[in-house]
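J.: dropping the sequence and predicted coords here.
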Amino acid sequence: MKKLLAFALAAMMLFGLAASGLAEGETVTLKVWGSQEDQELLGVLVENFKAANPDTTWDISLGVVGEPDAKARYLEDPAAAADVFAFSNDQLLDLVNADALYEVTRNLDAIVAANSAGSIESATLDGVLYGYPMTADNGYFLYYDKSVLSEEDVQTLDGILAKANEAGKKVFMDVSNGWYIASFFLGAGCTLGLDENGKQTCDFNNEAGVAAGEAIRAFTADPAFLTGDDSVLTGGMGDTICAGVSGTWNAAAIQEKLGENYAACKLPTFTLNGEQVQMSSFIGTKLIGVNTQTAHPVEAMMLAEFLTNEEAQQLRFEMREIGPSNSNVAASEEVQANIALAALAEQSQYGVSQKYVLGNFWTPSEAFGLAMENQSTDDMQSLLDSMVAQITG
């Protein structure tokens, strides 16, 4: 039924405002959710959208709801949620199951052609596109101070820690965050997925997972280890911190702090059962969706497409150094020369899609990470058994 409605809405566009059900002179009121960091950019894009569509009277307001919080805020009150909102693609399955998102049917072929295959896949379930790809940068890698660490040092976590301790510096990673510590488990060959009933599967408590857990424990026990939020990393990089795991959203701040010593690369290898194993990572995209409860679905689709088109992604890169999903923008000289985006691309070959990671993964993995940060001496198998039972339960 929803698919038929979306096709009907797309067809209505051919007949202008009269066919869309708008009375002459009626104002189209839309609300857009985006992150705090995107508010300036969204303001510019909304004004550009109005200028590109002058035959309609628009009342478009902005709300601050970041991509990680979009699903939770939507589910609190779908009718009061934004008509158009940004979200991380790991929320796609839950949002679709909640009947929150219109299918993308208007200009579908052009949208698919304009964006990378990976970003389209990240927004697709059962062959249906539910989101407009906005970025292809939802991943993480290693920033480092090349006045302290050499290209050889950053190849292994052991090498980074040794040089950091020698220099009296810290190595940053937010271990009490499942998004980051999954890199050890995934690198060890553990998996997350869905069973035939759509429930989360997780084998982080198998033999390889226990070894990965011990590697995390050893890392957090090292004198050079430091944890915290983004402000700790960006504030300390170049001073107390010589290396840190993060994503492109912190690129500008870290580059400003490090200056000519600014560098980035893939994540290092770590020691697993006496051997060096490449750290993996979650990779994903940020998407824009259209709320199924919007009063103006056609116009909301127009806006969502505009906020994610080639020009918008070019401006997003210029203003925020955000990695584009649009193939033309990604191929530009400016993007190709970007140090952080090059590191992300290097790490992506070791990445695992986060599309099938359900919401019940995050809290148990955070609790495990917090136990590691607090240097718990509890039996690793027991800790991981408890975590996995909560994730899969």
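T.: Sure, I can see it.
J.: settle this for me: Ile111 is touching Glu305, isn't it.
T.: Yes - the criterion here is C-beta atoms under 8 Å, and Ile111 meets it with Glu305 at 6.9 Å. (C-beta placed from N, C-alpha, C; glycine too.)
J.: need the residues touching each of those two.
T.: Residues touching both Ile111 and Glu305 (C-beta atoms under 8 Å, 6 or more residues apart in numbering) are Tyr132.
J.: buried residues in whichever strand or helix holds Val96?
T.: Assigned by DSSP states H and E, Val96 falls within helix 92-97. Buried positions in helix 92-97, judged by neighbour count with 16 or more other C-beta atoms under 10 Å: 92-96.
J.: contacting residues around that helix?
T.: Under C-beta under 8 Å, 6+ apart, the answer for helix 92-97 is 71, 74, 87, 101, 122-123, 125, 130-131, 198, 287, 289, 355-356, 358-359.
J.: now those residues: which count as buried?
T.: For the contacts of helix 92-97, a neighbour count by 16+ other C-beta under 10 Å gives the buried set as 71, 74, 87, 101, 122-123, 125, 130-131, 287, 289, 355-356, 358.
J.: how about the helix or strand just after the helix holding Val96: buried residues?
T.: Where DSSP H and E defines the elements, the next helix or strand beyond helix 92-97 is helix 108-114. By 16+ other C-beta under 10 Å, the buried positions in helix 108-114 come out as 111-112, 114.
J.: pick the one among these closest to Leu41.
T.: Comparing the buried residues of helix 108-114 against Leu41 with C-beta to C-beta places Ala114 closest, at 19.1 Å.
J.: report the beta-bridge partner residues of Leu287.
T.: In this entry, Leu287 is beta-bridged to Phe87, Pro133, by DSSP bridges.
J.: about what we covered before: show me which pair in the buried ones among the contacts of helix 92-97 is furthest apart.
T.: Maximum distance among the buried ones among the contacts of helix 92-97 (C-beta to C-beta): 19.5 Å, for Tyr74 and Tyr356.
J.: what sits against Ala389?
T.: Contacts for Ala389 were tallied using C-beta under 8 Å, 6+ apart; there are none.
J.: now it: which helix or strand?
T.: Going by DSSP H and E, Ala389 is part of helix 380-392.
J.: report the contact partners of the residue nearest to Phe361 when sequence neighbours are not counted.
T.: Nearest non-adjacent residue to Phe361, counting by C-beta to C-beta, 6 or more residues apart in numbering: Ile391, 5.2 Å away. Contacts for Ile391 (C-beta under 8 Å, 6+ apart) come out as 200, 202, 204, 360-361, 364-365.
J.: among those, who's most crowded?
T.: Tallying neighbours with other C-beta atoms under 10 Å puts Phe204 at the head of those, with 28 neighbours.
J.: pull out the buried residues from stretch 373-380.
T.: Neighbour count says stretch 373-380 has 373, 380 buried, by 16+ other C-beta under 10 Å.
J.: where does the prediction get shaky in this protein?
T.: For the chain, the stretches with pLDDT under 70 are 1-25.
J.: ok, back up a step: which positions in the helix holding Ala389 come out as buried?
T.: So, applying 16+ other C-beta under 10 Å, buried residues of helix 380-392: 380, 383-384, 386-388, 390-392.
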